[in-house]
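Visitor: Next input, structure requested:
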Amino acid sequence: MWEGCDNHSELLACLEALSLKSDYNISEGCFNRMVQLMGETMPKDHRMINNFFEAKKSVEKLGFGCTKIDIVAQKDACCIIRKILIKV
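Guide: Modelled structure (predicted):
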């Protein structure tokens, strides 16, 4: 993350931030502000992501992707809805 930071890597911080976004259903705007604030508290030479777009690109480089899946839950059932676009 910066010179002397031993407990977090760029990838770990990125994945943890994305995990928080997912776990707590954080909006993209809130995510961007959260990582911006985190970056402001770090030394000037930090390598923290700046926004959601950069976070997604960082994990996509490793072959991981982000997919949003909508879930409709009812009393006795659960339905997963995947939006799949097909080019004709």
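Visitor: Going by neighbour count, list what's buried in the helix or strand containing Ala13.
Guide: Assigned by DSSP states H and E, Ala13 falls within helix 10-23. Neighbour counts over helix 10-23 (16 or more other Cβ atoms under 10 Å) mark Ala13, Cys14, Leu15, Ala17, Leu18, Lys21 as buried. No exception for glycine: its C-beta is placed from N, CA and C like everyone else's.
Visitor: Which residue comes closest to Glu16 once chain neighbours are left out?
Guide: The shortest distance from Glu16 to any non-neighbouring residue, by Cβ to Cβ, 6 or more residues apart in numbering, is to His8 (7.9 Å).
Visitor: Quick check: closest non-adjacent residue to the spatially most central residue of the chain.
Guide: Taking Cα atoms, centre = their mean, the centroid of the chain lies closest to Leu18, which sits 2.3 Å from it. Leaving aside its sequence neighbours, Leu18 sits nearest to Ala55 (Cβ to Cβ, 6+ apart; 5.4 Å).
Visitor: who touches the one you found in this structure?
Guide: Cys14, Ala17, Leu18, Phe31, Val35, Ile49 (Cβ atoms under 8 Å, 6 or more residues apart in numbering).
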